[in-house]
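Participant: sequence plus the predicted model coming up.
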Amino acid sequence: MRFDVDGDTSEAVLLRVLEGLRRTFPPPEVPDSTFEVLDAVLGPDHVPDEDEVPLLVMRMRGSLMELIPAVPPHDAVKPDFAKLIATARKLLNTEPPGDYLGIRLHLRRMAVAGLGLVDLLAPLPVPTP
């Protein structure tokens, strides 16, 4: 296959064309449940009770397991995504500590990784004047 844009057949032109096409696809949709669990974990006015933490850990794990595969393959290799995906996978593969403070710290780390993925997957629109 040959691409010719103004006489230029380089790989750089092909990559620019592909990147332009990628931008036409809508970003992956982030489930409302992900926003709910992030708010429950990271919300400024919420400190989960000891009984609530195991459920929040399960919900946050589920959200991470939805977010990781939602990252398009062409984005997953970008450094920002790759680092967050690696962190999220590491946290998913780590057994949460048994004590209340340790499990809350683990939960917050999962939530911060999830929030980072959400920010990259569904960035806020830039306001126009």
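Facilitator: Structure received. Residues are numbered from 1 along each chain as shown.
Participant: Lys83 versus the most centrally placed residue in the chain, what's the distance?
Facilitator: Taking CA atoms, centre = their mean, the centroid of the chain lies closest to Leu117, which sits 1.7 Å from it. Going from Leu117 to Lys83 by CB to CB, to the nearest Å gives 11 Å. C-beta coordinates here come from the backbone N, C-alpha and C atoms, glycine included.
Participant: return the residues in contact with the residue nearest to the centre of the chain.
Facilitator: 64, 67-68, 70-71, 81, 84-85, 88 (CB atoms under 8 Å, 6 or more residues apart in numbering).
Participant: select, from these, the two members most distant in space.
Facilitator: Leu64 and Phe81 (13.5 Å; CB to CB).
Participant: mind listing what's buried in stretch 50-58?
Facilitator: Using 16 or more other CB atoms under 10 Å as the test for burial, stretch 50-58 gives 53, 56-57.
Participant: pLDDT check: weakest of those residues?
Facilitator: Looking at those, model confidence by pLDDT dips furthest at Val53: 89.
Participant: surely it meets Gly102?
Facilitator: No: applying CB atoms under 8 Å, one finds Val53 not in contact with Gly102, separated by 10.3 Å.
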